[in-house]
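[1] My questions are about this predicted structure, shown below with the sequence.
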Amino acid sequence: MSHEGSTDVFANDRTWLASQPGMNPWEEGCRRLAECLDRWLHDYSTGVCAEPVHSQHPGYPRFVCRMWRCWAHHWPQAAKTRPDGRIDGQEVAAQLRDGRGYQRGGDLGGDPLRDVVLAVAVQLKDNRATGRFQADYYDFCCRIAKRVNARFEHAPEWWNDLVDHLAGYTRAPGKLEKFFGRCALRNWLGTVAWRFLRRWRLPDGDGDVLPHFAAPRPPEPDLDGTVKLFAEVVREAFADLDRRERLLIRWHLDKTPLKDVAAQLHVHSGTAGRRRDRAIEHFRELIEQRVAQRGQQQAWRECLEELGTNPRDFAAALCAILKAAGHKEDE
């Protein structure tokens, strides 16, 4: 694919992209972006693929499109941080390559542009890329496996099944087809591997591992640990809210009718609804800040996974937090 052909990849983003620095005239701006993607692809593929990917490579369009989807996801987010809504794409890319984004604390967990190249190469069965993937993530996934069930240490077949699940060797297209670099591969992989391993059936006794993707068995999570983390983070974030925000969230969780909330606040129902929504968003932001300060992003993702499947204990913890906060405010 020539640079002229690769510029077609930008067409769907013209609405926001045309107003960014360096994109006028449009055709010239697209040509420069295509050259950047081509150069980065050469650099990244040199490090992870059997040979550098060039414009005649059969997978070239796939690599370029995936890299652009990554860049085009983060660029508008970066533009929102500027008063005029404009930022040079090179500045955005430099930050991405440094592992930093523009939302939720900015920690992407690595370079997402490099990681989308690795992901596509693994899907294309590039042997060097597959080896690179194992070198980078095998130990990381082993730690996740042990958290799911310590018996995974004695059932190493799960790793090949996980790679197959990701790359789509036997069941195309594979989970990596949905990786677009919104964060680095490590952060994304943590959640995907956790979910996969929880439904991967371990052998009974010393028997053989059952076929790929067998029926799920009940998980064995460290529930006490996840509930404890949930309670600590939510309690700290809830305490950081002002009194009115805490009341709005308590009323929301109690399913108090909005008209009653409005009456309590002596405002119109629409105003009460907007205040409630702002309080919930502020609460979410404070939780993310607390998680980032603790450096426990992966543990928090696992916590949210458990919240979806074992809500009762988490609900009890949340009720205890709200009850304690209510007593404190009533004193």
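    Looks like it came in fine. Here the structure is a predicted model, which is why all the values come from computation and not from measurement.

[2] Domain map for this protein?
    Domain ranges of the chain: 1-220, 223-330, per automatic domain parsing.

[3] Turn those into JSON lines, including mean neighbour count.
    In this view, the C-beta of every residue, glycine as well, is placed from N, C-alpha and C. Below are the domains of the chain laid out as JSON lines (neighbours: other Cβ atoms under 10 Å):
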{"stretch": "domain 1-220", "mean neighbour count": "17"}
{"stretch": "domain 223-330", "mean neighbour count": "15"}
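
[4] Need those domains in TSV (columns: mean pLDDT).
    Below are those laid out as TSV (pLDDT from 0 to 100):
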stretch	mean pLDDT
domain 1-220	87
domain 223-330	77
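
[5] Tell me the first helix or strand C-terminal of the helix or strand containing Arg69.
    Using DSSP states H and E, Arg69 sits within helix 60-79. Beyond helix 60-79 in the direction of the C-terminus, DSSP H and E gives the next helix or strand as helix 89-97.

[6] would you put the C-alpha positions of the following helix or strand past that following helix in PDB?
    Next along the chain after helix 89-97, taking DSSP H and E as the criterion, comes helix 112-123. The C-alpha trace of helix 112-123 is given here as PDB (Å, rounded to 0.1, in the frame of the first residue of the first chain):
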ATOM      1  CA  PRO A 112      -0.100   1.200  23.000                       C
ATOM      2  CA  LEU A 113       1.200   2.000  19.500                       C
ATOM      3  CA  ARG A 114       3.900  -0.700  19.900                       C
ATOM      4  CA  ASP A 115       1.400  -3.100  21.400                       C
ATOM      5  CA  VAL A 116      -1.100  -2.900  18.600                       C
ATOM      6  CA  VAL A 117       1.800  -3.800  16.200                       C
ATOM      7  CA  LEU A 118       2.600  -6.800  18.400                       C
ATOM      8  CA  ALA A 119      -1.000  -7.800  18.600                       C
ATOM      9  CA  VAL A 120      -1.500  -7.800  14.800                       C
ATOM     10  CA  ALA A 121       1.800  -9.700  14.300                       C
ATOM     11  CA  VAL A 122       0.700 -12.400  16.800                       C
ATOM     12  CA  GLN A 123      -2.600 -12.700  14.900                       C
END
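
[7] What separation do you get for the closest residue to Gln297 other than its chain neighbours and Arg104?
    In space, and not counting its chain neighbours, Gln297 is closest to Val291: 5.9 Å by Cβ to Cβ, 6 or more residues apart in numbering. Separation of Val291 from Arg104 (Cβ to Cβ, to the nearest Å): 9 Å.

[8] Over to Val53?
    Per Cβ to Cβ, Val53 is found 31 Å from Arg104.

[9] Kindly report the same for Gln56.
    Where Arg104 is concerned, Gln56 sits at a distance of 39 Å (Cβ to Cβ).
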